[in-house]
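> how would this look folded up:
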Amino acid sequence: MHADPALDALFLPFDEGLLPPPQGAAFLGARSGPALQRWAQAGLTCEQDYRPAATALERAGFAVVADELVPPANFATVLVLPPRQREQARAVLARAMRLAGDTGRVVACAANNAGARSMQDDLAALAGDVGVLSKHKCRVAWTQPGHVDDARVDAWLTLDAPRAILDGDVESRPGLFAWDRIDVASALLAAHLPSDLAGRAADLGAGWGYLAIELLSRNPGITTLDAYEAQHRALPLLSRNLARFAPRVAVDTHWADVTAGLDARFDVIVSNPPFHADDRTDRPDLGRRFIEVAAAALNPGGRFFMVANRHLPYEATLASTFRDVRVLADAKGFKAFEARR
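Next up, the predicted model:
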């Protein structure tokens with residue numbers, strides 16, 4: 001298990017006796033680790049929409065919810081590890097204030113290089129003066145019960161709400177990868193997708209659905225699509241964005257950690273695999289694992305289309321995993337590949 005300084009620092013006010021124990025607390029953005037394990041008997045409700053992190057929490061014995069906690073749920077303490085995206089982070093802090101109500105408190109922590117000062121300022125904007133401690137190159141801040149700027153909380157609650165993007169053609173929301181645009185890598189792969197694909201298809205790491213939309217738009221022979229995505233908040237958007245292909249295509253969405261493997265077989269797989277974990281740590285092993293999982297899930301003769309940063313060491317994995325590999329495009333710092341089983 002890798003070090004998690006923000007998780008360690010989050011519990012400083014409790015460890016030092018400045019706050020009462022977080023018995024029965026809600027934990028938004030919860031992550032597993034030794035610092036949390038010390039509170040395993042505290043009856044925490046852990047909210048986590050990223051499948052690998054949720055799985056780690058479940059294996060550690062914690063109760064996990066993927067959907068966002070909202071009133072009338074109410075907690076005396078709401079712990080928060082805010083996301084990095086600013087609009088989403090502000091919305092999470094505002095929701096934490098609502099969950100704490102007038103009598104509870106919010107305790108939030110972030111690394112100094114991941115917006116700790118902004119987090120402290122945002123929490124103070126919602127709740128007035130906040131307590132602060134610093135350690136492990138992180139900052140933890142907590143509110144005083146009874147101090148809530150209701151108007152600001154209401155305004156911030158909607159900052160990460162789903163909304164129409166790209167001239168209203170699709171829906172997305174802050175916090176998803178390339179949430180308000182078509183990323184350059186996916187656009188490069190989409191431009192080189194063929195139009196002769198047929199059968200059952202999958203998109204690994206589907207996001208809000210751009211690659212899946214391009215794949216289905218170009219290939220009327222595809223009859224089913226399984227969209228796999230690790231962020232639970234993306235699934236309703238995926239369903240709505242892909243509904244245009246019904247009834248020609250049967251679409252199924254999955255909240256899944258692709259690296260754990262797939263239990264289905266496909267004729268076509270597309271992917272713009274992640275190259276970092278949820279904490280932004282570089283993880284080229286994720287892309288390598290996506291390649292291995294795709295190869296195992298393809299039917300004989302199946303075709304895999306992927307795109308990745310040019311510098312990432314994926315060509316050797318492709319060559320050792322697939323019978324035939326070719327570069328479709330090499331531009332703008334990215335490479336798009338086709339590989340055949």
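
> contacts, neighbours, all on C-alpha from now
Will do.

> how about low-confidence regions in the stretch 151-300 of the chain?
For the stretch 151-300 of the chain, applying pLDDT under 70 flags the ranges 276-282.

> so where do the strands sit in it?
163-165, 170-172, 198-204, 221-229, 250-255, 266-271, 298-309 (DSSP state E, counting those that start in this stretch).

> Can I get those strands in TSV including distance to residue 90?
TSV is the format used below for the strands of the stretch 151-300 of the chain (distance: least, CA to CA, whole Å):
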stretch	distance to residue 90
strand 163-165	17
strand 170-172	17
strand 198-204	29
strand 221-229	24
strand 250-255	25
strand 266-271	31
strand 298-309	31
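
> Nearest to residue 83 among these would be which one?
strand 170-172 (16.6 Å; CA to CA).

> Double-check that residue 8 belongs to a strand.
No - using DSSP: H, G, I helix; E, B strand; the rest coil, the assignment for residue 8 is helix, not a strand.

> got the phi/psi numbers for the closest residue to it other than its chain neighbours?
Closest residue to residue 8 apart from its sequence neighbours, by CA to CA, 6 or more residues apart in numbering: residue 35 at 5.3 Å. The phi and psi values for residue 35, taken as degrees, to the nearest 10, are phi -60, psi -40.

> same thing with the one 3 residues further on?
Main-chain torsions, residue 38, degrees, to the nearest 10: phi -60, psi -20.

> quick revisit: dump the strands of the stretch 151-300 of the chain to CSV, plus mean neighbour count.
Formatted as CSV, those follow (neighbours: other CA atoms under 10 Å):
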stretch, mean neighbour count
strand 163-165, 13
strand 170-172, 22
strand 198-204, 24
strand 221-229, 21
strand 250-255, 18
strand 266-271, 24
strand 298-309, 21
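
> Contact partners for the residue nearest to residue 8?
7-8, 11 (CA atoms under 8 Å, 6 or more residues apart in numbering).

> Show me what counts as buried in stretch 229-237.
Judged by neighbour count using 16 or more other CA atoms under 10 Å, the buried positions of stretch 229-237 are 229-235, 237.

> Touching it from outside, list them.
49-52, 66-67, 162, 171-172, 176, 204-209, 253-258.

> Quick check on those: which are buried?
49-52, 66, 162, 171-172, 204-209, 253-258.

> coming back round to it: just the buried residues of stretch 229-237 now: which is nearest residue 142?
Nearest to residue 142 among the buried residues of stretch 229-237: residue 233, at 26.5 Å, using CA to CA.

> Residue 51: what's it in contact with?
Counted by CA under 8 Å, 6+ apart, residue 51 has contacts 230-232, 255-257.

> What is the burial count for the nearest residue to residue 332 once chain neighbours are set aside?
Spatially, and ignoring its direct neighbours in sequence, residue 332 is nearest to residue 184 (7.7 Å; CA to CA, 6+ apart). Using other CA atoms under 10 Å, residue 184 has 14 other residues around it.

> Residue 297 too?
Other residues close to residue 297 by other CA under 10 Å number 21.

> Tell me the spacing between it and residue 71.
41 Å (CA to CA, to the nearest Å).

> quick one: residue 45 from residue 82, how far?
Distance from residue 45 to residue 82, by CA to CA: 16 Å.

> the more surrounded of these two?
residue 82 (23 against 20).

> Give me the nearest residue to the more buried one, chain neighbours excluded.
That would be residue 89: by CA to CA, 6+ apart, it lies 5.2 Å from residue 82.

> Quick test: name the residue nearest the centre of the protein.
Taking CA atoms, centre = their mean, the centroid of the chain lies closest to residue 231, which sits 3.8 Å from it.
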